[in-house]
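1. quick one, structure for this:
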Amino acid sequence: MKIQNHMTVVLAVVLAALNAVAVNFPVGTHLVKGTLKDWQNKVLTSSAAVTIQAVATNGTVIASTKVANPSEDGYNFLLQIPLSSTATDSTAAIGDRLNCVLVQDSGLSLAVDPITVGDANAVSTVCLALIDTKSYTATNGTDKTVNVAQEYVDTIAAWMEAYEIEGEYDPFADYDNDGASNYDEYRAGTNPFDPSDKLAITAYSASQNAPHAITFEYAGGRVYGVSTTLSLTNPQWATQPVKKSETDVEHEQVMFSADEDDADMTTIYVVPAEGSKSQFFKLEAK
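-> Numbering: from 1, shown residues only. Below you'll find the model as predicted:
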C-alpha cells in the first residue's frame, strides 16, 4: 500500500511538471507570394538586387528571399514562413505580425507594411513598394485611403505647375477629365494630363459557353486583373479569375511583359459567373 501511494505521488508530480511546460510543435509553413514595385508602380526584376525579410519583433529574421524575375501573374518573390504552435526564435505562430524589411545590395534597408502570418499550408499575397510613399484619404465621405510614391508626387507637382494647376497633388481628382482618376493613372502608368492616354477597354466580345474577351493596351512592367459585379446598383466588385488565352489556366492577375518600355494591344479572357443573366467587368491595373 505504501509503494502504491508513493507511485501515485510520483505520477502526480510528473503530470504537474508536464502541465507547467508549454508544449510547442511545428504546424507547417505559410507562404507569402508578393509583388515588389518601384516608384513608377512597375514590377521589379532580379536586377534590382533586393532581399525581402520577415522579421520577428525581437529582431530575428524568420524568413528571407531574393526578388526574382516576375512570373506570368506578376509575382516576383515568395517567402516561406515556418510555423509552430508557439512562436520561437526561428518560427512564427499563426496570427503573428512580422515586420517586413527590404534590404538592397548597397546596404540600404527600408521597413514596409507588416506581414500577418496566415494558416499553415496556405498562401497569402502582398504588394510592396521599394520607395517612400505618401498616404491620401478621400474627403468625399468614403474614407478611401491610397498610397502614392513620394517621388511620383514630386514629379507630378512639377507638371502641375507647368499646366497651371493650383494646390497639392490630389490622387482622387481627374486632371485631364478622361474619366480615370489621377490615382488610377498612376497605377496604370498613363499620363494624368493627357485625356487620350488612359487604361481603357478598346474591344469586347462574348460568346455562349466561352470566356469573354477584353482587349486593351497594356504598359510593360505592370500587372492587370478584372473585377466583376452582377449589378451596377450598389455594385459589389469582386476579383474575377483571368486568362492570357482561352485555353490558359486561371490566374488572379496577369502580366504581359516585364519590359518597362514595352506597350502593345492585347486581350485578356474572363470566365463569366455561372448562371448569371448579366455581368459587368472592370479592367484594372493592380
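
2. so what's Asp143 scoring on pLDDT?
-> For Asp143, the pLDDT comes out at 81.

3. so where do the helices sit in the stretch 101-250 of the chain?
-> For the stretch 101-250 of the chain, the helices defined by DSSP state H, counting those that start in this stretch cover 150-162, 182-188.

4. how about those, which one is nearest Val61?
-> If you check each of these against Val61 by CB to CB, helix 150-162 wins as the nearest, at 27.2 Å. Just so you know, the C-beta spots here come from the backbone N, C-alpha and C atoms, and that holds for glycine as well.

5. tell me which of the helices of the stretch 101-250 of the chain sits most buried.
-> With neighbours taken as mean count of other CB atoms under 10 Å, the helices of the stretch 101-250 of the chain reach their highest mean count in helix 182-188, at a mean of 22.

6. for the record, mean pLDDT for it?
-> For helix 182-188, the mean pLDDT works out to 95.

7. please enumerate residues in contact with that helix?
-> If you take CB atoms under 8 Å, 6 or more residues apart in numbering as the criterion, helix 182-188 is touched by 41, 136, 146, 148, 152, 156, 169-175, 180, 191-192, 198-199, 219, 222, 284-286.

8. please compute how far it lies from its chain's middle.
-> 16 Å (CA atoms, centre = their mean, to the nearest Å).

9. could you do stretch 272-284 as well?
-> Computed by CA atoms, centre = their mean, the chain-centroid distance of stretch 272-284 equals 23 Å.

10. if we can go back for a sec, for Ala129, which of the helices of the stretch 101-250 of the chain is the nearest?
-> With CB to CB, the closest approach to Ala129 among the helices of the stretch 101-250 of the chain belongs to helix 150-162: 10.2 Å.

11. about what we covered before: hmm, which of the contacts of helix 182-188 are the buried ones?
-> 41, 136, 146, 148, 152, 156, 169-172, 174-175, 180, 192, 198-199, 219, 222, 284-286 (16 or more other CB atoms under 10 Å).

12. residues near the nearest residue to Ala56 once chain neighbours are set aside, how many?
-> Spatial nearest neighbour of Ala56, excluding adjacent residues (CB to CB, 6 or more residues apart in numbering): Ile62 at 5.5 Å. Applying other CB atoms under 10 Å, we find 24 residues neighbouring Ile62.

13. Ile62 and Ser84 touch, don't they?
-> No - applying CB atoms under 8 Å, one finds Ile62 not in contact with Ser84, separated by 10.7 Å.

14. any residues in contact with both of the two?
-> 91-92.

15. are we agreed that Ser47 is in a strand?
-> No - Ser47: not assigned to a strand; according to DSSP: H, G, I helix; E, B strand; the rest coil it is helix.

16. that one: how many residues sit nearby?
-> The tally of other residues near Ser47 (other CB under 10 Å) stands at 8.

17. check which helix or strand the closest residue to Gln80 other than its chain neighbours maps to.
-> Leaving aside its sequence neighbours, Gln80 sits nearest to Thr29 (CB to CB, 6+ apart; 5.3 Å). Assigned by DSSP states H and E, Thr29 falls within strand 26-37.

18. where does pLDDT dip in the stretch 51-200 of the chain?
-> Counting by pLDDT under 70, the stretch 51-200 of the chain shows no low-confidence range.

19. the residue nearest to Ala56: what's it in contact with?
-> Contacts of Ile62 (CB under 8 Å, 6+ apart): 54-56, 81-82, 90-92, 98.

20. distance from the helix or strand harbouring it to the middle of the chain?
-> Assigning secondary structure by DSSP H and E places Ile62 in strand 61-66. Chain-centre distance of strand 61-66: 18 Å, with CA atoms, centre = their mean.
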